[in-house]
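Chemist: The amino acid sequence is not available; the structure is as follows:
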């Protein structure tokens, strides 16, 4: 007889069978999966994930490069795209003739400027000398191309300027020291061309979307041959907004606006000229060396003129001619690229 506390034989066999099946199941399934790895923690000082990264910051520090050459290729395309007018019926034919003559006129100026900088002067500025190795100008009038008159291209290439840059590379002063005098040079856009590259008021930290503004007073790219308006000037404001930084290159969006220069207004009673318009483009900045390398901005300059009309002999009934209004739109495309190279010694900054 079995003791009463012993398990029945059937139960023992069932328990052994369950253990055997469990062992076989483990063998088939393989070893247990290792624990899930924990997320890696970036070492201190590395960039945070994109979702939590701080806004991009650029140390914007323009700098005049001493003992260097600035070789700039600058092009200005000027097109008189639109000319409309309002005038009494007796003046319609004359206004229509001159409007059609002006509309569609084009001027293309291509210039190479080389600026040679010296070592830093005692006052902290950098003296320079600027020459014009290459200059081309083309005109389009009444739908026909025309060459410049006389010796204009050669006279431009004879021009030499000297002056100084401040430590940021901004133009501090400049004067003509050589070159032939030619009245036709005034019909060119050299003052605007010489200011193609941006100038900054100070070094500063900039985040994406932040900006600085540059303003300048310049003559019109096309002089107005209207009594009292020969010396009209424009105020140009450029706003540079940081868009992105790619390594050693920073890209700025450029917004240009035009307005009247209060210091160069109309000289004739009853004659007014109102300037407006603008455009948008880009500028590229070398972060390490602190110089702008490229600039491209298409824009439109709008000119609204109101001037008294001369009495017409064939219309004696009109003792006073009244006033005529003219609206002109000039498209400007200013583009520039430059290369800056050290001439003497090594760059240590």
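Modeler: That came through fine. What you see is a predicted model; the values in this text were computed from it and never measured.

Chemist: Check the secondary structure at residue 93 for me.
Modeler: Recorded secondary structure, residue 93: helix (DSSP: H, G, I helix; E, B strand; the rest coil).

Chemist: Apologies, that question was intended for residue 338.
Modeler: With three-state DSSP as the criterion, residue 338 reads strand.

Chemist: so what's it up against?
Modeler: 70-73, 197, 291-294 (C-beta atoms under 8 Å, 6 or more residues apart in numbering). The C-beta positions use only the backbone N, C-alpha and C, and glycine is treated the same way.

Chemist: Any idea what it is bridged to?
Modeler: residue 72 (DSSP bridges).

Chemist: now do residue 246
Modeler: Assigned bridge partners for residue 246, using DSSP bridges, are residue 249.

Chemist: Likewise for residue 326?
Modeler: With DSSP bridges as the rule, residue 326 is bridged to residue 85, residue 305.

Chemist: So what's the residue count around it?
Modeler: 21 (other C-beta atoms under 10 Å).

Chemist: Residue 82 is in contact with that one, correct?
Modeler: No: in this structure, residue 326 is not within contact of residue 82 by C-beta atoms under 8 Å, at 10.8 Å.

Chemist: about what we covered before: and the contacts of residue 338, which is closest to residue 204?
Modeler: residue 292 (15.5 Å; C-beta to C-beta).

Chemist: ok, the closest one - how many residues close by?
Modeler: Neighbourhood size, residue 292 [other C-beta under 10 Å]: 23.

Chemist: Could you check how far it is from residue 185?
Modeler: Plainly put, residue 292 is 26 Å away from residue 185 if you go by C-beta to C-beta, to the nearest Å.

Chemist: go on, residue 160?
Modeler: In terms of C-beta to C-beta, residue 160 sits 14 Å off from residue 185.

Chemist: Can you verify residue 330 is assigned to a strand?
Modeler: Yes: applying three-state DSSP, one finds residue 330 inside a strand.

Chemist: check contacts around it.
Modeler: Counting by C-beta under 8 Å, 6+ apart, the residues that residue 330 touches are 78-81, 221-222, 300-303.
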